[in-house]
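> give me a model of this one.
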Amino acid sequence: YDGEKFYYGGIVPCEVVDTMGAGDSFIAGFLYAICEGKGIQEAMADGAANSSVTIAYSGAW
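You can find the predicted model right below:
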């Protein structure tokens, strides 16, 4: 929600090994995309992609 509109994002299908750090990885990917000038919807997709890489490893965080 940006004060005017709700945004919805999906997931990136992947093999889940360990969910530790999934949220932190999402936030990092999202914020990086925003800092690069991307819109909210694209930043959410980047956050999901970043998170999917993290959860594919045991103890990745």
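
> where does the chain dip in pLDDT?
60-61 (pLDDT under 70).

> mind redoing it with 90?
For the chain, the stretches with pLDDT under 90 are 2, 59-61.

> in it, which spans are strands?
Using DSSP state E, no strands are found in the chain.

> number of residues surrounding Ala48?
By other CB atoms under 10 Å, 19 other residues sit near Ala48. (C-beta placed from N, C-alpha, C; glycine too.)

> which outside residues touch stretch 15-28?
For stretch 15-28, the external contacting residues (CB atoms under 8 Å, 6 or more residues apart in numbering) are 47-48, 50-51, 53-61.

> pretty sure Ile34 sits against Ala43.
Yes - proximity of Ile34 to Ala43 meets the contact threshold set by CB atoms under 8 Å, at 5.0 Å.

> one step back: drop anything exposed from the contacts of stretch 15-28.
47-48, 50-51, 54-55 (16 or more other CB atoms under 10 Å).

> comparing Ile34 and Ala43, which residue is more hemmed in?
Counted by other CB under 10 Å, Ile34 and Ala43 do not tie: Ala43 has more neighbours, with 21 against 16.
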